[in-house]
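# turn this into a structure:
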Amino acid sequence: VIKYAMELIFLGTSSMIPTESRNHFSNLLLYKDEGILIDCGENTQRQLRIAKIPVTKITKILITHWHGDHVLGLPGVLQSLEKHQYNKSLEIYGPKGSKKYFSHMFRGFDYRIKIKYKLTEINKRIFFKNNDFSLEALKLDHSIPCLGYSFIENDKRKINS
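Numbers count the residues shown, from 1 in each chain. Next comes the predicted model:
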């Protein structure tokens, strides 16, 4: 069995209306100890189960925009993380307005988020950087504020001059 350093799992590739064989949009990028979920459409947690990936693999959630087909899976994923004794601090990133929309979404449920999380509205191109990689956001043309994301692995070449 070949193990790759990076793996992209397509959990959902449909648009606003799912089909019998395609779920709402959601992708998971696995890299070392990181599980970066890009959007969280409905049934994301079910798609994770089908792919045999524990929900606790998620370390970051990147929201492209706040249309329902990209975010309505968030409440279920957060509840699942809690039920699986998630002990990390979940990082959530999104475009301007994300804090307001996130707050409004959870006001509609009788559920208080009990896991540790930090929600950051992205206001600069490179919004995350560590020793292994950086995350970059660019504004996209859409009917509401929308971001596209890039994962950039840091250069590992060592050249003696």
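# any chance you could map the helices in the chain?
44-50, 68-71, 74-83, 98-107 (DSSP state H).
# please name every helix or strand in contact with the last one.
Under the contact criterion of 3 or more Cβ pairs under 8 Å, 6 or more residues apart in numbering; DSSP states H and E, the helices and strands touching helix 98-107 comprise helix 74-83, strand 89-94, strand 116-121. All C-beta atoms are positioned from the backbone trio N, CA, C, and that covers glycine.
# partner strands of the second one, parallel or antiparallel?
Taking DSSP bridges as the criterion, strand 89-94 forms sheet pairs with strand 60-62 (parallel), strand 116-121 (parallel).
# for this protein, which spans come out with low pLDDT?
Low-confidence segments of the chain (pLDDT under 70): 1-4, 161.
# please tell me how far the residue lying closest to Asn23 once chain neighbours are set aside sits from Lys83.
Spatial nearest neighbour of Asn23, excluding adjacent residues (Cβ to Cβ, 6 or more residues apart in numbering): Gly12 at 3.4 Å. According to Cβ to Cβ, to the nearest Å, Gly12 stands 22 Å off from Lys83.
# same check on Gly73?
Gly73 is 15 Å from Lys83, where distance means Cβ to Cβ.
# more neighbours, these two?
Taking other Cβ atoms under 10 Å, Gly73 and Lys83 do not tie; Gly73 has more neighbours (29 against 11).
# doesn't Gln45 make contact with the more buried one?
Yes. In terms of Cβ atoms under 8 Å, Gly73 counts as a neighbour of Gln45; the distance is 6.7 Å.
# returning to what we had before: using a markdown table, lay out the helices and strands packed on helix 98-107 together with distance to Asn131.
Below are those laid out as a markdown table (distance: least, Cβ to Cβ, whole Å):
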| stretch | distance to Asn131 |
| --- | --- |
| helix 74-83 | 25 |
| strand 89-94 | 16 |
| strand 116-121 | 20 |
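# so which of these gets nearest Phe109?
Closest of the helices and strands packed on helix 98-107 to Phe109 is helix 74-83, at 5.8 Å (criterion: Cβ to Cβ).
# the closest one packs against which elements?
Using 3+ Cβ pairs under 8 Å, 6+ apart as the contact test, the elements touching helix 74-83 are helix 44-50, helix 98-107.
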